[in-house]
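Any chance you can model this:
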Amino acid sequence: MSASSFDYRMIDPISGPIDPKKQGTLRHWGSHPYFTRRAWNVVQEYIKRFSQVGDAVLDPFGGSGVTAVEALVLKRKAIYSDINPMAGFICRNIAVSPVNIDDFRSAFDDIARNCQEKIEEVYRMSPEEAADLEIPYWYPQGVRLPKNADAESVENLFTKRQLFSLSLILNQIELITDPIIKDLMRFTFSATLNKTNLTFSSTRGRIESRGNSGIMHRYRYWIPPQTIDLNVWEQFEQKFKGTAKFKIETNTVIGDFYQENFSIFDFSATDLTGISSESVDYIYTDPPYGQHIAYLDLSTMWNAWLGFEVSDNARELEAIEGGDLKKSKETYINLLSNSIREMFRVLKFDRWMSIVFAHKDPAYWDAIVKSAQEAGFEYVNSSVQHSTTPSLHKKKNPLTVLSGELVLNFRKVNNPKTIAISKVGIDILQIIKEVAEMTIVKSSGASTEDIYNALIPKLLENGLLTQVKKQIDDITPLLKEEFNFSELDHLWRIRTNTKIGCFMVLRYLVWFDRVA
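Prediction:
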């Protein structure tokens, strides 16, 4: 469709999953650790479908900036906001371009001359010698970690070798005068922290340096029984090489377009006051999923080393459930609802909003759709989006933890249609069993998320979510009553000697006969 004929009202929304290709770019994959990073190519497909070149694309829960960066790549104006200063720092440094790579390499050479040999010497020391090291320069002290951490303060996450080496490198970085190069080197330093702290553990069967921090895969400051003290200089040098490579990439795919087409804010999504009403052409966002991840709590180590302060007000406005503030489900839903109202305000009429979400409790889905409709949005459809990298939590709890998501698509129109409320008296449990059986039969086995992904849109589009949330908040006990679950492939199946069609009504049996 040409720009002159682009009609937002005639857009056919995405209705099926897109094969994620997370490792297809250097700018996101491996550039800097962050939580729940979306696949760049999936985000691109949504931006291309719902906007055109020159449009303004907003992500008010910006995270590491995949939406903003890919908007720039596609020559859209990017508007980014996130309450977490570490997240904004990551996004800005991935997006900034063009960067003088020669100057970046020269700055690294200066750091190497002043730090490399000193750090190598420290790593030749015995553990007893290293324990007596004096830390030469500033490092964060007295910054308390979340209550569920295995250490009390940030400095307790590091060995003396690590503190010596990191403080030495950071001190040299602070001497850089070019603000862009300095920030990019701080970005490299920050990325190095992920493997140079006591929460790091190696991946079984791989070389020692291949692994991740407990912060990223267990979502808490977990220190393993056997800790690993990787050479800080080697890790910093490796991260520098990776950063230089992806900046060459962003110099090419973004270039000068960044200069006047990127806006970054640290607003809470509940108050986007700095963004004008009806100024945004498309919103693609991935809000926190309830209790899944406490972003500000988990970013404590990075924010402390980078010198970023997180205010009490920011913590109050973070849209999560639980965390150190022990926010209730109702508080989380209210914060999410306020965010949706703000998204409605800043979006132009006839434009679209896509919300990525995953949760096994129907109450959350109900809250999103109700909040969107109360704000003035019209619900259009939901699209399944699979994940290729399930978390450790998912691997340990395949029965109950969801790893895929749904993308809910809404429009801002003058006379929005609302989802009709189904008649009272419908047997919700029967519908759940019906959808589960149909999903299992269709693919000769279905995961928990497959069933949820089939169930949520059906309940949502028939106005049944409110009724479901009153009766049930987890369908897995119901599934256990009627179907078999295999621990080998984590799929539900019809029980042996059970006739297919116990729950599917006639129209689904007819449909199945047609597609079988």
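
And the longest strand along the chain, what does it pack against?
Counting residues, the longest strand found in the chain (DSSP state E) is strand 347-357. Applying 3 or more CB pairs under 8 Å, 6 or more residues apart in numbering; DSSP states H and E, we find strand 347-357 packed against helix 40-50, strand 280-285, helix 362-375, strand 377-385, strand 405-412. For every residue, glycine as well, the C-beta is placed using N, CA and C.

can you redo these as CSV with distance to residue 22, mean neighbour count and mean pLDDT?
Below are the helices and strands packed on strand 347-357 laid out as CSV (distance: least, CB to CB, whole Å; neighbours: other CB atoms under 10 Å; pLDDT from 0 to 100):
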stretch, distance to residue 22, mean neighbour count, mean pLDDT
helix 40-50, 7, 20, 97
strand 280-285, 17, 24, 98
helix 362-375, 25, 21, 89
strand 377-385, 13, 20, 91
strand 405-412, 14, 24, 93
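
now these in TSV, with distance to residue 210?
Converted to TSV, the helices and strands packed on strand 347-357 look like this (distance: least, CB to CB, whole Å):
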stretch	distance to residue 210
helix 40-50	23
strand 280-285	32
helix 362-375	35
strand 377-385	28
strand 405-412	27
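
follow-up on the earlier one: and the longest strand of the chain, what's buried?
The neighbour-count criterion (16 or more other CB atoms under 10 Å) identifies 347-348, 351-357 as the buried residues of strand 347-357.

and which of the residues you listed is nearest to residue 294?
Nearest to residue 294 among the buried residues of strand 347-357 is residue 357, at 17.4 Å by CB to CB.

What's the separation between the closest residue to residue 405 other than its chain neighbours and residue 81?
Leaving aside its sequence neighbours, residue 405 sits nearest to residue 358 (CB to CB, 6 or more residues apart in numbering; 4.2 Å). Residue 358 sits 22 Å away from residue 81, taking CB to CB, to the nearest Å as the criterion.

ditto for residue 6
Residue 6 is 26 Å from residue 81, where distance means CB to CB.

what are the phi and psi angles of the residue nearest to residue 405?
phi -150, psi 130 (degrees, to the nearest 10).

if I read this right, it contacts residue 406, doesn't it?
Yes - taking contacts as CB atoms under 8 Å, residue 358 lies within contact range of residue 406: 6.9 Å.

How far does stretch 181-194 sit from its chain's centre?
20 Å (CA atoms, centre = their mean, to the nearest Å).

Give the buried residues for that stretch.
In stretch 181-194, counting by 16+ other CB under 10 Å, buried: 181, 183-194.

Give me the mean pLDDT for it.
Average pLDDT, stretch 181-194: 98.

what does that stretch rub up against?
By CB atoms under 8 Å, 6 or more residues apart in numbering, the surrounding residues in contact with stretch 181-194 are 31-33, 86, 89-90, 92-93, 96, 99-100, 103-104, 107-108, 111, 166, 169-170, 173-174, 176, 200, 212-213, 215-216, 232, 235-236, 239-240, 242-243, 247, 301-302, 305-306.

If any of those are buried, put those into a ChimeraX selection.
This is the ChimeraX syntax for the buried subset of the contacts of stretch 181-194, where burial follows 16+ other CB under 10 Å:
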select :31,32,33,86,89,90,92,93,96,99,104,107,108,111,166,169,170,173,176,200,212,213,215,216,232,235,236,239,240,242,243,247,301,302,305,306
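
Which of the contacts of stretch 181-194 fall within strands?
Per DSSP E, the contacts of stretch 181-194 map to strands at 200, 212-213.

ok, so of the residues you listed, who is nearest residue 416?
residue 212 (43.5 Å).

How about the contacts made by the closest one?
Neighbour list for residue 212: 33, 194-195, 200-201, 203 [criterion: CB under 8 Å, 6+ apart].

Out of those residues, which is nearest to residue 465?
Set against residue 465, the nearest of those by CB to CB is residue 33 (34.8 Å).

Double-check the closest one against residue 216; I have them as touching.
Yes - with contact defined as CB under 8 Å, residue 33 and residue 216 form a contacting pair (5.4 Å).

which element is residue 359 on?
For residue 359, there is no enclosing helix or strand under DSSP states H and E.

Relative to residue 473, how far out is it?
Residue 359 sits at a distance of 10 Å from residue 473 (criterion: CB to CB).

In terms of neighbours, single out the busier of those two.
For residue 359 versus residue 473, neighbours defined as other CB atoms under 10 Å are more numerous around residue 359 (20 against 14).

So that one sits against residue 366, correct?
No - under the criterion of CB under 8 Å, residue 359 is not in contact with residue 366, lying 10.5 Å apart.

Would you enumerate the residues in contact with the spatially closest residue to residue 268 that is not a sequence neighbour?
Of all residues not flanking residue 268 in the chain, residue 317 sits nearest, at 3.9 Å (CB to CB, 6+ apart). The contact partners of residue 317, taken as CB under 8 Å, 6+ apart, are 83, 268, 270-271, 335.

rerun at 10 Å
83, 267-271, 311, 335, 338-339 (CB atoms under 10 Å, 6 or more residues apart in numbering).

Can you tell me which of the contacts of residue 212 comes closest to residue 157?
Nearest to residue 157 among the contacts of residue 212, with distances taken as CB to CB, is residue 200, at 9.7 Å.

What's opposite the closest one in the beta bridge?
The partner list for residue 200 in beta bridges (DSSP bridges) reads residue 213.

Look up how far residue 54 lies from it.
Residue 200 sits 44 Å away from residue 54 when distances are taken as CB to CB.

cool, and residue 348?
Here the criterion is CB to CB. By it, residue 348 lies 13 Å from residue 54.

okay, and the common contacts of these two?
What both residue 348 and residue 54 touch, as defined by CB under 10 Å, 6+ apart, is the set residue 281.

For stretch 335-349, C-alpha coordinates in PDB please.
Extracted in PDB, the C-alpha atoms of stretch 335-349 (Å, rounded to 0.1, in the frame of the first residue of the first chain):
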ATOM      1  CA  LEU A 335      -1.900   1.200  37.400                       C
ATOM      2  CA  LEU A 336      -2.300  -0.700  34.200                       C
ATOM      3  CA  SER A 337      -5.800   0.800  33.700                       C
ATOM      4  CA  ASN A 338      -4.400   4.300  34.200                       C
ATOM      5  CA  SER A 339      -1.700   3.600  31.600                       C
ATOM      6  CA  ILE A 340      -4.200   2.500  29.000                       C
ATOM      7  CA  ARG A 341      -6.200   5.700  29.600                       C
ATOM      8  CA  GLU A 342      -3.000   7.700  28.900                       C
ATOM      9  CA  MET A 343      -2.300   5.700  25.800                       C
ATOM     10  CA  PHE A 344      -5.800   6.500  24.500                       C
ATOM     11  CA  ARG A 345      -5.200  10.200  25.200                       C
ATOM     12  CA  VAL A 346      -1.900  10.400  23.200                       C
ATOM     13  CA  LEU A 347      -3.100   8.200  20.300                       C
ATOM     14  CA  LYS A 348      -4.700   9.800  17.200                       C
ATOM     15  CA  PHE A 349      -8.100   8.700  16.100                       C
END
